[in-house]
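Participant: got a sequence here, can you build the structure:
(2 chains)
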Amino acid sequence: MTITFRSETFRDDFTFRNSLYNIRRFPFPFDRDEYMYSVNMEPHIRGKADSVFENLIDVDEHYVAEMQDRAMVLKEDPLRCQALPHMMAAQWDVLELLMEHQAQDYPEHFTLEKNGDRWRWINRPMGIDDTFTFGDPSTLPYPPMEYITRQAQGDFCIVDQRDNNLWMDAGMVTTQADWSLDFDIGMNFMEWHGPVPLAHQIGVFDRALKFLLNLQQGKPTRRLNWTMTVNPRLDTSPENYHKWGPDRTTVTPENVGEKMHLRVELQSLWRLPRSNAILFVIRCYLISLDELVTVPKWGRRLPRVLKSLPPEIVDYKGLTRNRPIMIDWLAKYDDGAPTSAGIYPD
Amino acid sequence: MLVQGIKSRPEYKGLDIDPHAKRHLFVLEGEGAAALTAQVELKDTDFLAKSEILYLAAGAAPKAYDVVLSALSPDVFWQAPTLQPLLFRLRACLEQAQMGTRLYIAGTEGFIGQIMQVALEFGIDFNSIHTEHRGSTARRVQCVHCKGITDNVTTSPFACTHCGLPLLVRDHYSRRLGAFQGVNIDAEEPGTAPAPEEMFP
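Facilitator: Just a heads-up that it's a prediction; the model follows:
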């Protein structure tokens, strides 16, 4: 299928919108009317057609605009992309994985030709046609991870495995929900999750770590995570919090449907073949409340979920100020009818 | 006492003397001197003949720990006037260090963090370094916005000494940076920062 890429922005005038097709395929993260942290992992296998699970590396109508936004973030702050020196083999693993998936699932847009170590990569939406030697970083304009993640939607962390732990040792992070790669690089699994409330106490991270240490090649896994963002802003980094923080005071009962966005991360984890590292893809999807309530089931469920949140989660996700406005506004979409199980529209 | 339960903060387990080390390198600051003298009182003192002590008196200068440390008659006792020459000397020691050298660090958390950074550059596994927190609980904090580091932060919020933003000190520590994370506290409504509160005396 040929995707029509939108021309839009994730800053300043915020022209980002979802098409009707894209709204229906949004990965709504709540499979019931309440929410609590859990080890909500499932195999990352192909799902329904016209869902974000149709392909394992999803490319959608926002691809070109997201890549333009990433390039802007990197110009302002090159520290959003970093790799510790021992991660070069893993960087090549990531380049191979992303090129192969994009070329296989979107042949109209991407082509990968391999002739031994000599590879040709064609990215038509971005106008790129490069030939390089796999394994030789001097033949690419950027280091391998940076090269390919400037051409792939989502944030990417490469996690090294040693001493029975996982270590955040490389990443491209420009669409993050308020965490800093520059601060967290080099940390282990428990350390980088340090600030998350409640989940440590209920053992979520112990179980998740145990599970991930045993992740097998060819059997990627996934989970959904979520927060809410005012305006469709991809770069909600702590680095720029003093720039986007004031957005939170601009929400009113009149504009909440347009301004407030549910921000969902489709997180997928992949064992890499050469390095034995794990690629952690954090793909961000945004949808405004106006768009979201066009699906009746989601309009009923979201206010119920927001009401059920423990105060620690409300605080950690930065929802304290605007949760009451959202719940009030969403109330008219909840007629009290039961909702069907699972995340998909009825 | 340091605040407990911060997952990303190293545990400072104490300067337990390693009986198998061929050489002991002690890097001590201020009250950290007492961490070593406490060991001397507990243990056989043979290790002192194989010990090198680098000492920075800092705020504890009036207590004259340098006299006490020097009187232990280690193989080497060297005192730095400030942190910079101490780090220079430490690098020289680590360049020449042999297999079997054990590194010990004691002092304030900011000091431990900065010495640990040098050790990590030299490829020393942080788990192998013996550390003990002594003295003030002041924090070394990196501003997440401008990346500037402010030493000896005792309040939260505090004004970043580089960009001036009022920063909340988060309970999140980077070993690589040897610092806690500081995040603008009044980003949503500039000018509404609460008054600084003494949190880390």
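
Participant: going forward, measure contacts and count neighbours with C-alpha atoms only.
Facilitator: Will do.

Participant: residues in contact with the nearest residue to residue A:71 once chain neighbours are set aside?
Facilitator: Using C-alpha to C-alpha, 6 or more residues apart in numbering or on different chains and skipping the chain neighbours, the partner closest in space to residue A:71 is residue A:150 (7.2 Å). Listed by C-alpha atoms under 8 Å, 6 or more residues apart in numbering or on different chains, the contact set of residue A:150 reads A:67, A:70-71.

Participant: same thing with residue B:2?
Facilitator: Residue B:2 touches residue B:137, counting by C-alpha under 8 Å, 6+ apart.

Participant: follow-up on the earlier one: who wins on neighbours among the contacts of residue A:150?
Facilitator: residue A:70 (25 neighbours; other C-alpha atoms under 10 Å in any protein chain shown).

Participant: which element, helix or strand, includes it?
Facilitator: helix A:63-76 (DSSP states H and E).

Participant: chain center to that helix: distance?
Facilitator: 15 Å (C-alpha atoms, centre = their mean, to the nearest Å).

Participant: any part of stretch A:239-256 near chain B?
Facilitator: Yes - applying C-alpha under 8 Å from any C-alpha of the partner chain, one finds stretch A:239-256 touching chain B at A:239-249.

Participant: quick one: average confidence on the helix or strand where residue A:304 lies?
Facilitator: Assigning secondary structure by DSSP H and E places residue A:304 in helix A:296-308. Across helix A:296-308, the average pLDDT comes to 96.

Participant: can you show me the CA trace of that helix as PDB?
Facilitator: Extracted in PDB, the C-alpha atoms of helix A:296-308 (Å, rounded to 0.1, in the frame of the first residue of the first chain):
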ATOM      1  CA  PRO A 296     -17.500   5.700  20.800                       C
ATOM      2  CA  LYS A 297     -15.900   2.900  22.800                       C
ATOM      3  CA  TRP A 298     -12.800   4.900  23.400                       C
ATOM      4  CA  GLY A 299     -14.900   8.000  24.400                       C
ATOM      5  CA  ARG A 300     -16.700   6.000  27.000                       C
ATOM      6  CA  ARG A 301     -13.600   4.300  28.400                       C
ATOM      7  CA  LEU A 302     -11.100   7.100  28.600                       C
ATOM      8  CA  PRO A 303     -13.000   9.200  31.300                       C
ATOM      9  CA  ARG A 304     -13.500   6.000  33.300                       C
ATOM     10  CA  VAL A 305      -9.800   5.300  33.200                       C
ATOM     11  CA  LEU A 306      -8.800   8.800  34.100                       C
ATOM     12  CA  LYS A 307     -11.100   8.700  37.100                       C
ATOM     13  CA  SER A 308      -9.500   5.400  38.300                       C
END
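
Participant: do the very next helix or strand once past that helix and chain B meet?
Facilitator: Using DSSP H and E, the helix or strand that follows helix A:296-308 in sequence is helix A:311-316. No - contact of helix A:311-316 with chain B (C-alpha under 8 Å from any C-alpha) is absent, the minimum separation being 12.3 Å.

Participant: now helix A:311-316: buried residues?
Facilitator: Using 16 or more other C-alpha atoms under 10 Å in any protein chain shown as the burial criterion, the residues of helix A:311-316 that qualify are A:313-314.

Participant: following that helix, which helix or strand shows up next?
Facilitator: helix A:323-330.

Participant: show me how far that following helix is from its chain's centre.
Facilitator: Taking mean C-alpha positions (C-alpha atoms, centre = their mean), helix A:323-330 and its chain are 25 Å apart.

Participant: mean confidence score for it?
Facilitator: Here the average pLDDT along helix A:323-330 is 97.

Participant: tilt between it and helix A:296-308?
Facilitator: Calculated by axes from the mean of the first three to the mean of the last three C-alpha atoms, to 10 degrees, helix A:323-330 forms an angle of 150 degrees with helix A:296-308.

Participant: restricted to helices, list the residues of stretch A:239-256 next to chain B.
Facilitator: A:241-244 (DSSP state H).

Participant: can you give me the strands in the stretch 51-200 of chain A?
Facilitator: Ranges of strands in the stretch 51-200 of chain A, per DSSP state E, counting those that start in this stretch, are A:81-83, A:110-115, A:118-123, A:128-133, A:155-162, A:165-172.

Participant: so what's residue B:6 up against?
Facilitator: Taking C-alpha under 8 Å, 6+ apart as the test, what residue B:6 contacts is A:194, B:171-172.

Participant: can you list the residues that contact the strand with the most length in chain B?
Facilitator: Secondary structure of chain B per DSSP state E: the longest strand is strand B:166-174. Applying C-alpha under 8 Å, 6+ apart, the external contacts of strand B:166-174 come out as A:183-184, A:187, A:194-195, B:6-9, B:141, B:143, B:156-160, B:179-186, B:193.

Participant: looking at the residues you listed, which are in helices?
Facilitator: A:183-184.

Participant: not counting sequence-adjacent ones, nearest residue to residue B:20?
Facilitator: Per C-alpha to C-alpha, 6+ apart, closest to residue B:20 is residue B:100, 7.9 Å.

Participant: check contacts around the closest residue to residue A:326 other than its chain neighbours.
Facilitator: The spatially closest residue to residue A:326, leaving aside those adjacent along the chain, is residue A:256, at 6.8 Å (C-alpha to C-alpha, 6+ apart). For residue A:256, the contacting residues are A:289, A:325-326, A:329, by C-alpha under 8 Å, 6+ apart.

Participant: from these, which two are the most distant?
Facilitator: Pairwise distances across the contacts of residue A:256 (C-alpha to C-alpha) peak at 11.9 Å, for the pair A:289 and A:325.

Participant: between the two, who's got more neighbours?
Facilitator: residue A:289 (21 against 15).

Participant: residues contacting the residue lying closest to residue A:308 once chain neighbours are set aside?
Facilitator: Once flanking residues are discounted, residue A:308 sits nearest to residue A:34: 5.6 Å by C-alpha to C-alpha, 6+ apart. Residue A:34 makes contact with A:304-306, A:308-309 under the criterion C-alpha under 8 Å, 6+ apart.
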